[in-house]
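J.: got a predicted structure plus its sequence, pasted below:
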Amino acid sequence: MDVNEVLDDLVAEQHALDAIVATLTDDQWGLATPSPRWSVTDQIGHLTFFDTTATLAINDTDRFVAHRDELISQFADELAVDEFTLGAFRQLSTADQLAAWRQHRDELEAAGRTLANDTRVEWYGPSMGSKSFLTARLMEVWAHGQDICDTVGATRPSSDRIRHIAQLGVITRGWSYIVRGEQPPDGDVRVELAASSGDVWAWGPEGAEASVTGAADDFCLVVTQRRHVDDTGLAVTGDIAIDWMNKAQAFAGGATTGPSPKGTN
């Protein structure tokens with residue numbers, strides 16, 4: 001897939017979320033979401049901040065690296081990170097928050113149009129290929145958008161754009177262990193997912209002893225840690241597949257555990 005196709009899907013995902021948040025009241029923007037300490041405002045603020053730094057990473061590597069060093073120096077203090085990334089955004093009116101998000105994602109799109117398929121972009125961990133870089137932004141919009149939908153009771157139509165997220169979820173199987181200081185287990189896992197369009201997406205060898213099958217949306221909810229696997233319709237077979245689905249983490253940063261099954265809290 002060409003990098004501009006990934007960018008087109010990112011922009012479409014942003015517009016899908018915009019259609020939801022643009023209808024919310026000021027009170028709804030202030031509602032607490034499943035992410036600890038974060039309101040709907042903070043979810044959009046998070047997207048706005050990192051759209052801004054993604055643009056910087058594309059346009060000015062040296063300035064981005066200096067910013068990255070400053071942010072990483074505060075990682076030990078979650079409240080300090082919140083203030084660094086969200087503090088200024090929280091001071092805006094709801095209308096200005098929405099306008100800021102729209103402005104900065106437009107700037108990211110303009111920067112993204114300059115990327116070639118073989119471009120590498122500096123980020124908060126290792127540098128990333130351009131398509132993976134934009135896929136990570138799409139995943140963020142979709143995952144944080146899910147938090148917002150869960151909070152306000154909105155339903156977001158499914159789309160085949162999530163194939164990018166599913167692909168990322170599959171290729172980060174090893175990362176889900178490495179981030180925990182563990183060795184990824186030997187063995188293959190076959191993943192077969194039903195897309196909303198009716199297509200079937202598959203990864204891994206046919207006949208593998210371990211497998212994950214079901215709806216693509218459910219798989220993406222698990223690998224972005226928005227749902228526990230037990231609260232989805234996924235069929236998970238084999239010890240290594242079960243272990244993976246309980247540790248799956250398709251995003252960078254420290255190891256996180258995701259939600260517990262419903263009824264266990």
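T.: All right, it came through fine.
J.: which residue ranges form the helices in the stretch 1-150 of the chain?
T.: For the stretch 1-150 of the chain, the helices defined by DSSP state H, counting those that start in this stretch occupy 3-21, 26-29, 40-59, 61-72, 78-90, 94-112, 130-152.
J.: how about Arg120, what does it touch?
T.: By Cβ atoms under 8 Å, 6 or more residues apart in numbering, Arg120 lies in contact with 127-130. Placement of C-beta: from N, CA and C, glycine included.
J.: what bridges to it?
T.: Judged by DSSP bridges, the bridge partners of Arg120 are Gly129.
J.: any idea of the pLDDT on it?
T.: Per-residue pLDDT puts Arg120 at 97.
J.: wait, Leu134 touches Leu10, no?
T.: Yes. The pair Leu134 / Leu10 is scored as a contact, 5.4 Å apart, by Cβ atoms under 8 Å.
J.: what touches both of those two?
T.: By the contact definition Cβ under 8 Å, 6+ apart, Leu134 and Leu10 are jointly contacted by Gly112.
J.: need phi/psi at Thr213.
T.: With angles defined as degrees, to the nearest 10, Thr213 sits at phi -130, psi 150.
J.: which parts of the stretch 151-265 of the chain are strands?
T.: 189-194, 200-203, 210-215, 235-237 (DSSP state E, counting those that start in this stretch).
J.: now do the second one: everything it contacts.
T.: For strand 200-203, the external contacting residues (Cβ under 8 Å, 6+ apart) are 163, 166-167, 170, 190-195, 216.
J.: equivalent analysis for the third one, please.
T.: Residues outside strand 210-215 that contact it (Cβ under 8 Å, 6+ apart): 187-194, 204, 219, 232-241, 244-245.
J.: so where is this protein shaky, pLDDT-wise?
T.: Within the chain, the segments meeting pLDDT under 70 span 263-265.
J.: for the residue of the chain most remote from its centre, what are its contacts?
T.: Distance from the centre of the chain peaks at Gly207, with 30.2 Å (Cα atoms, centre = their mean). The contact partners of Gly207, taken as Cβ under 8 Å, 6+ apart, are Arg190.
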